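1. sequence first, then the predicted structure:
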Amino acid sequence: MGLKEWAARLKRDIPALFLALKDKETPLPAKILAAVTVGYALSPVDLVPDFIPVLGYLDDLLVLPLLAALTIRLIPKPVLERCRRESEGMWADGKPKRAVYALPVILIWLLILLWIIRLLWE
């Protein structure tokens with residue numbers, strides 16, 4: 001599989017993982033990992049900022065695909081295939097059409113920021 005095919009598959013699988021997150025047949029460990037994966041994909045904050053040469057983009061090239069691959073292994077194949085079919089065209093440009101999907105991610109980062117500020121002030 002070439003790099004372009006791999007990137008296209010990842011772009012298709014993130015929305016499918018979002019749908020699997022809401023599916024009743026998805027096991028709890030897969031739902032937790034799917035939430036982390038989709039949250040990381042939508043998050044404006046990376047573990048390693050992109051402005052750091054090489055490492056910033058290596059982070060995106062390794063962390064997200066590894067999270068997605070692990071999540072996919074935990075989701076039953078019939079559920080994953082159904083979610084892939086449902087997600088076709090869902091996020092045409094690679095991002096959700098509604099900003100509401102990013103709200104939980106933003107909320108989590110705000111809570112982390114508040115927690116860090118609280119630790120620094122004690």
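-> Alright, I've got the coordinates.

2. all helices of this protein, in order?
-> For the chain, the helices defined by DSSP state H cover 3-22, 28-42, 55-74, 77-87, 103-121.

3. the first one to helix 55-74, inter-axis angle?
-> Read that as helix 3-22. Between the axes of helix 3-22 and helix 55-74, defined by axes from the mean of the first three to the mean of the last three Cα atoms, to 10 degrees, the angle is 50 degrees.

4. what comes up buried for helix 3-22?
-> When burial is assessed from 16 or more other Cβ atoms under 10 Å, helix 3-22 yields the following buried residues: 12-21. In short, each C-beta sits where N, CA and C put it, glycine included.

5. any regions of the chain where pLDDT drops low?
-> Low-confidence segments of the chain (pLDDT under 70): 1-4, 6-8, 44-52, 55-56, 59, 89-106.

6. do that again at 80, thanks
-> 1-12, 42-62, 89-110, 113, 122 (pLDDT under 80).

7. between the buried residues of helix 3-22, which is closest to residue 27?
-> residue 20 (10.0 Å; Cβ to Cβ).

8. hmm, back to that, tell me which of the helices of the chain sits most buried.
-> Greatest average neighbour count among the helices of the chain goes to helix 28-42 (a mean of 19), per mean count of other Cβ atoms under 10 Å.
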